[in-house]
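> For reference, the sequence and a predicted model appear below.
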Amino acid sequence: RKEVEQDPGPFNVPEGATVAFNCTYSNSASQSFFWYRQDCRKEPKLLMSVYSSGNEDGRFTAQLNRASQYISLLIRDSKLSDSATYLCVVNDVGNEKLTFGTGTRLTIIP
Amino acid sequence: GAGVSQSPRYKVAKRGQDVALRCDPISGHVSLFWYQQALGQGPEFLTYFQNEAQLDKSGLPSDRFFAERPEGSVSTLKIQRTQQEDSAVYLCASSLGLAGGLNIQYFGAGTRLSVL
């Protein structure tokens, strides 16, 4: 079983719609959680960190459920520029390395 | 301000050839990481440095892979006797490496290695 699991998609969503991704992680000792965005043939870039209380950044909302070991990302009022691969990322206690999911590919359709 | 810089951006190697990939981290960043990203997959950890010390090399797939950061700044990932399965994008990342802090990793654009 992979340490971080995501639905690879693709998700094809009309512009303006709301889309949600989930991700599960296997290590209950994981301490830090992130969503990174990766455009085609580009490097991953941090979209947002995920906090236990949930956090929002404009149209993006991230939630963490430690009991169920899953992380979610909600994108409201989707834009064409949101088309990318979204990577769920976990960091374990006492270890700086990041563990990535396979990524979920999102395409926003005009 | 300069981000993480990697060179070359693209490398084509013949099977059996040795290659060296360079990473120049963000100035002042203590921690440096190498990841390997195969097509359609997320990045996978290879190795990690804190200054010049290689603290974790558990992700290196074989003894053909070697990384160094001799002066605690620029790092080189060397792959000896390349094989076709080594074809991937090699990503370098750096972070401040603050003890107990939330250390965000910033990635370079990567080196796309194709082994023929």
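Happy to help now that I have it.

> so how many other residues sit close to whichever residue of chain B sits closest to chain A?
Nearest to chain A, among the residues of chain B, is residue B:42, at 3.3 Å (Cβ to the nearest Cβ). Bear in mind the C-beta positions are built from the backbone N, C-alpha and C, glycine included. For residue B:42, the number of neighbouring residues by other Cβ atoms under 10 Å in any protein chain shown comes to 24.

> Kindly report the same for residue A:53.
Neighbours of residue A:53 (other Cβ under 10 Å): 7.

> and it, backbone torsions?
In terms of degrees, to the nearest 10, the main-chain angles of residue A:53 are phi -80, psi 0.

> Let me see the confidence value for the residue of chain B closest to chain A.
pLDDT, residue B:42: 96.

> you'd agree it is in a helix?
No - going by DSSP: H, G, I helix; E, B strand; the rest coil, the assignment for residue B:42 is coil, not a helix.

> Distance check, the nearest residue to it once chain neighbours are set aside against residue A:30.
Nearest residue to residue B:42, sequence neighbours excluded (Cβ to Cβ, 6 or more residues apart in numbering or on different chains): residue A:100, at 3.3 Å. According to Cβ to Cβ, to the nearest Å, residue A:100 and residue A:30 sit 13 Å apart.

> Please apply the same query to residue B:49.
In terms of Cβ to Cβ, residue B:49 sits 22 Å off from residue A:30.

> now residue B:22
For residue B:22, the distance to residue A:30 - Cβ to Cβ - is 32 Å.

> So which of the two has more stuff around it?
Ranked by neighbour count (other Cβ under 10 Å), residue B:22 and residue A:30 place residue A:30 first, with 20 against 15.

> Which phi and psi values does that one adopt?
Backbone geometry at residue A:30, expressed as degrees, to the nearest 10, gives phi -60, psi 140.

> so what pLDDT did it get?
We have a pLDDT of 88 for residue A:30.

> Please verify my assumption that it contacts residue A:90.
Yes - shown here, residue A:30 and residue A:90 form a contact pair, counting by Cβ atoms under 8 Å, at 4.7 Å.

> Show me the beta-bridge partners of whichever residue of chain A sits closest to chain B.
For chain A and chain B, the shortest gap (Cβ to the nearest Cβ) falls at residue A:100, measuring 3.3 Å. The partner list for residue A:100 in beta bridges (DSSP bridges) reads residue A:89.

> my read: it touches residue A:86, true?
No - using Cβ under 8 Å, residue A:100 makes no contact with residue A:86, being 10.9 Å away.

> which neighbours do the two share?
Shared contacts of residue A:100 and residue A:86 (Cβ atoms under 8 Å, 6 or more residues apart in numbering or on different chains): residue A:36.

> Relative to residue B:74, how far out is residue B:65?
Counting by Cβ to Cβ, the gap from residue B:65 to residue B:74 is 18 Å.
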